[in-house]
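S.K.: would you be able to build a 3D model of this:
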Amino acid sequence: MTAITPKASAALPDFCEGIQYFGQALPDFATYDATPAIDLDKVAIASPTDTAAVYQTLLAADALRYLTLQITGSKASGHPGGFASQAEAYAALVMLGYKNIITEVGHHAPGFYSAMFLDRSLEDMGIFTVQQLRDRFREKHGLLGHLSGYIPGILAPAGPLGQGQHFAMAAALLHRDKLFPFTLGDGGLGEPYIMSSIAHFNTAYPSVTNFLPVLVWNGYSQEHHSMVSLKTNEQMKAYWQGNGFEEVILVDAKEFDDQNQPGDYVDSTVFSFEQRLAFTQAVLVAVDKAARSALSGKLTVFIIKQLKGAGVHARGAKSHNLYPKDTLDAPHIISALQGRALSEEAWQLVRTNAERAGGGPAAKTVVTEFELPLPELGELPLEEYTVGGEPKVSTTAMGRLVGIVGQKDKNFLVTNADGNEASGIGNINQALKIIHPTTDDLYNQAPNGQVYEPLSEDACAGLAVGLSLMGARSLWCSYESFAINGLPIWQTVTQAMAELRRHTPSTITLFTAGALEQGRNGWTHQRPEIEAYFASMMRNGNVFPLFPTDANSIQACYNWALTTKNKGIVITASKSPLPIRTTLKQTQQGLEDGAILLHEIAGGKQVVFAVIGDMTLIPVFEAAAFLENEGIGVKIVSIINPRRLYRSGDVAWNTCSEPDGGFIDDAKFAELFGGDALIGVTGGAAAMLEPIMLRSNSKRDTFAWKRGETTASAGELMAFNGLTAEALTKRAIELVH
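M.R.: Alright, predicted model coming up:
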């Protein structure tokens, strides 16, 4: 191998600027490189057994390894080992024309970026050369350390393990004629969500099998052996078969090893060239078979078994991550790069195939580069109840609208792990039916329903937010207490939405059965601390927790949420019949201003109650009556959209792809919250009151959730947490005197 500079050869393609090492042509290059294996007017190779196609797939795998190591080495940071161990599988997918590739492994990011560079997708963000690829890796406005939808051609984010299958299944559901492979590490296979979510999806949608797990079985996790490293091939196959997979296709590099490598996991890049070709052909044929199987209605997995770090600077878990010592000047990095170096002609051949595969660069062809057409909903028939009239259940009022949305939009899906009936939204099941293989009218079950009910919040949240990310409408419903188990992927998607280069429907949730309603169930069902999670996320700029006041208010909130793009909108409401306190118009104004004035009585001194939630208004109105009898003026303000109550500079709204800079001004804030004393009241986390407490200059205090307990009523539970009319009255008097 010899190092050259780009100027050393007039034939050097421009994109190769920044490649440090070029190698001699591989054996038989002249025989198999006469023309690209993917013809000019084709999207894939003609046959997986064609020797030229196999040869050029091997070149593509080496190119991916080289770039992965060089860009991570350029920053002495990043993760080359996991992707390197499956480079042949990724190359095979591309050569076969499949580019809608997702990953469950955020650590595969540099490999995916290398692939996007090779097919010219990254030119959309000004990356034309390898030098620019190196320069912008792990830099602001560049190629962030883990995958994001901000990157052209990348379909979905990847960071926390156990998420990628949700994106692949959502995409498969929306695009049933396309294949959505997703790479899955054996280190991440221990996440319980992966298999359980696939199993429920397959039961609900047995004909939707056009997603393909690609298990990267390399024997190691991030810092040690993977927990499945001792399984035999037969045991691994049995594991997948036992989880419902009809077709399990495994290619083991060990079976092709002619170098007597020790252990069950070997590196194909040290085989003789003939055996490298044999292994690559086996992968290519197997991937082709797996893809066809998945597209033909069989739940299929492809497994590539190869040592972690194959072809890069280290092997096993030691290849996972680069450290400050792992620079491009380090001898072991230089040696690894030189071992994978391609000739100038090979680089051009690899790029041509990558660009032609799948019909063009991923940035121009994958499904997420286009907005999914959505049916028009028209004007939803909101039903306005009389203020002061019969108490109504907020969630039921919203459920009626949800049913209408689903009837107008057949891609729309509602997910719920704990049951809609229990949340006062059984009308959703009646209108849209629970997806179930057993048809039963009593339980509103039907195979073609639009209500998805796995017993896993991760699976509920995952499919719902995956659909939103892919461009469809959805609604995730949960008990407030249990939603925390689905929040990691919800947060991943809302963060991704903040930087997407396209419009997509906001991901909308409905969280019910709040802590105050769950007295008899005890503390296991009383976990409103989740609201602190959303309170923190409000500063992201595209997260909007909404707290409707009543059954009118919730309809206006949901109606507004449906009109928004690229946001995370959390609606929290009670499932108990509660007084009607507002008109639709008031909430529409409250969505813009952040809050609405519900009640005002003048007095010598004035106390302002800033209230989050619907049930918490009950003790506040009682306190107001006591205070008014004492001649103290009271204002009760219902906070509907607290994000609007921050100051503009508190929130990163202007960094979002769909910026929303709507914040209440100082004059309006003073009009709503100005007084001699301010008391913030919430049945959830006090953190949600931060916007008001930051801006108020009054004497002030907060009343909020402390902890759960078993009680006979909401009132008793509020008393346990100090949320009583007596306590509020006492503190108000103290503040104004």
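
S.K.: hey, let's count contacts and neighbours off CA atoms from now on
M.R.: OK.

S.K.: so where's this structure shaky on pLDDT?
M.R.: Applying pLDDT under 70 to the chain flags the ranges 1-10.

S.K.: can you give me the distance of the residue nearest the centre of it to Thr504?
M.R.: Central residue of the chain (Cα atoms, centre = their mean): Val493, 3.3 Å from the mean position. Going from Val493 to Thr504 by Cα to Cα, to the nearest Å gives 11 Å.

S.K.: where do the contact lists of those two overlap?
M.R.: Counting by Cα atoms under 8 Å, 6 or more residues apart in numbering, the residues touching both Val493 and Thr504 are Leu469.

S.K.: what packs against the host helix or strand of Thr280?
M.R.: Assigned by DSSP states H and E, Thr280 belongs to helix 273-295. Contact here means 3 or more Cα pairs under 8 Å, 6 or more residues apart in numbering; DSSP states H and E; on that basis helix 273-295 packs against helix 51-75, helix 87-95, strand 211-217, strand 247-252, strand 300-305.

S.K.: so how far is that helix off the chain centroid?
M.R.: 31 Å (Cα atoms, centre = their mean, to the nearest Å).

S.K.: can you point out the buried residues in it?
M.R.: For helix 273-295, a neighbour-count test (16 or more other Cα atoms under 10 Å) marks 275-291, 293-295 as buried.

S.K.: am I right that the residue nearest to the centre of the chain sits in a helix?
M.R.: Yes. Assessed by DSSP: H, G, I helix; E, B strand; the rest coil, Val493 belongs to a helix.

S.K.: now do the contacts for it.
M.R.: Pro157, Val465, Gly466, Leu469.

S.K.: what separation do you get for it and Asn448?
M.R.: In terms of Cα to Cα, Val493 sits 27 Å off from Asn448.

S.K.: doesn't Ala168 make contact with Ile102?
M.R.: Yes. Proximity of Ile102 to Ala168 meets the contact threshold set by Cα atoms under 8 Å, at 6.6 Å.

S.K.: in the stretch 101-250 of the chain, which spans are strands?
M.R.: Residue ranges of the strands in the stretch 101-250 of the chain, as given by DSSP state E, counting those that start in this stretch, are 102-103, 180-185, 211-217, 247-252.

S.K.: my bad, the stretch 251-400 of the chain
M.R.: According to DSSP E, counting those that start in this stretch, the strands that the stretch 251-400 of the chain contains are 300-305, 392-393.

S.K.: which of the ones you listed is buried the deepest?
M.R.: Mean neighbours per residue, mean count of other Cα atoms under 10 Å, is largest over the strands of the stretch 251-400 of the chain for strand 300-305, with a mean of 26.

S.K.: ok, and the most crowded of the contacts of Val493?
M.R.: Val465 (33 neighbours; other Cα atoms under 10 Å).

S.K.: report the separation between it and Gly486.
M.R.: 10 Å.

S.K.: same check on Asp676?
M.R.: Counting by Cα to Cα - Asp676 and Gly486 are separated by 42 Å.

S.K.: give me the number of residues near Gly388?
M.R.: 10.

S.K.: is it true that it touches Asn552?
M.R.: No. Using Cα under 8 Å as the test, Gly388 is too far from Asn552 to be in contact (11.7 Å).

S.K.: what touches both of the two?
M.R.: Joint contacts of Gly388 and Asn552 (Cα under 8 Å, 6+ apart) are Ile580.

S.K.: quick one, what contacts the closest residue to Val350 other than its chain neighbours?
M.R.: Leaving out its chain neighbours, the residue that sits closest to Val350 by Cα to Cα, 6 or more residues apart in numbering is Ala60, at 5.5 Å. Going by Cα under 8 Å, 6+ apart, Ala60 touches Glu88, Ala91, Val350.

S.K.: quick one: which of those is nearest Leu617?
M.R.: Ala91 (60.0 Å; Cα to Cα).

S.K.: so how far is Ala314 from Leu69?
M.R.: When Leu69 is compared with Ala314 (using Cα to Cα), they lie 11 Å apart.

S.K.: with neighbour numbers in mind, choose between those two.
M.R.: Leu69 (31 against 19).

S.K.: that one - nearest residue in space that isn't next to it in sequence?
M.R.: Leu69 sits nearest to Pro80 (Cα to Cα, 6+ apart), 5.9 Å away.

S.K.: check Asn233 too.
M.R.: Counting by Cα to Cα, 6+ apart, the residue nearest Asn233 is Leu250, at 7.9 Å.

S.K.: burial of that neighbour, as a residue count?
M.R.: Residues near Leu250, counting by other Cα under 10 Å: 23.

S.K.: could you pull out the helices for the stretch 301-450 of the chain?
M.R.: 331-340, 344-356, 362-365, 394-408, 426-432 (DSSP state H, counting those that start in this stretch).
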